[in-house]
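>>> Sequence and predicted structure, then a few things I'm wondering about:
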Amino acid sequence: MASVFGKPRAGGGPHSAPLEVNLAILGRRGAGKSALTVKFLTRRFISEYDPNLEDTYSSEETVDHQPVHLRVMDTADLDTPRNCERYLNWAHAFLVVYSVDSRQSFEGSSSYLELLALHAKETQRSFPALLLGNKLDMAQYRQVTQAEGAALAGRFGCLFFEVSACLDFEHVQHVFHEAVREARRELEKNSLARPLFISEERAVHHQAPLTARHGLASCTFNTLSTTSLKEMPAVAQAKLVTVKSSRAQSKRKAPTLTLLKGFKIF
Ligand SMILES: Nc1nc2c(ncn2[C@@H]2O[C@H](COP(=O)(O)OP(=O)(O)OP(=O)(O)O)[C@@H](O)[C@H]2O)c(=O)[nH]1
């Protein structure tokens, strides 16, 4: 069977369907989640922000010559992980952000990694996570050494980068693309691991709504039953129809880049 993910398939030209990847950005308030998200999407650094907003953005990316439809959820969890299922059940990969000039944010990132590890244990699946030490430009005020960041990442088996939302775009883009690669690897692994079963049913178009267990995302499985071998649908392949922010405080209705108008952009 041809690989759906990973390296470009033979014949997978510019018309092949883009890989869909959902990426959630986690971390304590002020770590720089919004700044990194906006930097990645616009190449710009924002200095003003609304800490109560949680939005999901879409971006068409090309990673390793493969088109990727990337959705980025810039979460706003206040000080501790809360109502986390909205992103745990949605994301294919996670960026856990702390600020190198804040030990508190580093400790916060540790609770997010623990949360992800617990979720992986409960669901018996693995979820790629990358640990990011942000605000590298503030290194003179460091409260967290690079070695500490690397050690924490090592403990949870995730990649580790130090970045800055106000320095070069390429580095930030590299980190987001690494997250896509990690997600792609995991999706490919799951896709290969899915069991096959034989069905005698005739072709039917079956739609089973997958809530929204927490009222956050509506997903639809589109499965075609045929008289041949077919694959069991996996959650990761559910077609995401809508993505809504769960934050009651969010005043934004349509998450697009035009929403950034309110920010002061340099
Ligand atoms: N010097 C520096 N400041 C940054 C960097 N990233 C973010 N900031 C600043 O840090 C503050 C917090 O950044 P945000 O991106 O809003 O942080 P957040 O994690 O989204 O915080 P919440 O929205 O409260 O969850 C803002 O004043 C940013 O301008 C960075 O890389 N370097």
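That came in fine, so what should we check first?

>>> what is the mean pLDDT for stretch 47-55?
Mean pLDDT, stretch 47-55: 71.

>>> try stretch 181-195
Stretch 181-195 comes out at a mean pLDDT of 80.

>>> Which residues belonging to that stretch are considered buried?
181, 182, 183, 184, 186, 187, 188, 190, 191 (16 or more other Cβ atoms under 10 Å). C-beta coordinates here come from the backbone N, C-alpha and C atoms, glycine included.

>>> Turn the residues you listed into JSON lines, including secondary structure and distance to the ligand.
Shown next, in JSON lines, are those (DSSP: H, G, I helix; E, B strand; the rest coil; distance: Cβ to the nearest ligand atom, whole Å):
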{"residue": "181", "secondary structure": "helix", "distance to the ligand": "23"}
{"residue": "182", "secondary structure": "helix", "distance to the ligand": "21"}
{"residue": "183", "secondary structure": "helix", "distance to the ligand": "21"}
{"residue": "184", "secondary structure": "helix", "distance to the ligand": "26"}
{"residue": "186", "secondary structure": "helix", "distance to the ligand": "25"}
{"residue": "187", "secondary structure": "helix", "distance to the ligand": "27"}
{"residue": "188", "secondary structure": "helix", "distance to the ligand": "31"}
{"residue": "190", "secondary structure": "helix", "distance to the ligand": "30"}
{"residue": "191", "secondary structure": "helix", "distance to the ligand": "33"}
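
>>> quick check, residue 98 in a helix?
No: with DSSP: H, G, I helix; E, B strand; the rest coil as the criterion, residue 98 is assigned strand and is not in a helix.

>>> Across the sheet, point out what pairs with it.
residue 133 (DSSP bridges).

>>> Contact partners for it?
Contacts for residue 98 (Cβ atoms under 8 Å, 6 or more residues apart in numbering) come out as 27-28, 31, 105-106, 108-109, 131-134, 144, 149.

>>> at 7 Å what do you get?
27, 31, 105, 106, 108, 109, 133, 134, 144 (Cβ atoms under 7 Å, 6 or more residues apart in numbering).

>>> Of those, which belong to helices?
Of the contacts of residue 98, the ones assigned to helices by DSSP state H are 105, 106, 108, 109.

>>> now, which of the residues you listed sits nearest the ligand?
residue 105 (8.2 Å; Cβ to the nearest ligand atom).

>>> and the closest one, how many residues sit next to it?
24 (other Cβ atoms under 10 Å).

>>> can you pull the contacts of it?
Per Cβ under 7 Å, 6+ apart, neighbours of residue 105: 27, 28, 30, 31, 98, 99.

>>> when you check the ligand, which of those residues turn up near it?
Contacts with the ligand within these, as defined by Cβ under 6 Å from any ligand atom: 27, 30, 31.

>>> need the contact list for the closest residue to residue 93 other than its chain neighbours.
Nearest residue to residue 93 in three dimensions, chain neighbours excluded: residue 183, at 3.9 Å (Cβ to Cβ, 6 or more residues apart in numbering). By Cβ under 7 Å, 6+ apart, the residues touching residue 183 are 21, 92, 93, 128.

>>> pLDDT, distance to the ligand and neighbour count for these - can I get that in TSV?
What follows is the contacts of residue 183, written out as TSV (pLDDT from 0 to 100; distance: Cβ to the nearest ligand atom, whole Å; neighbours: other Cβ atoms under 10 Å):
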residue	pLDDT	distance to the ligand	neighbour count
21	96	21	25
92	95	21	23
93	97	18	24
128	95	20	25
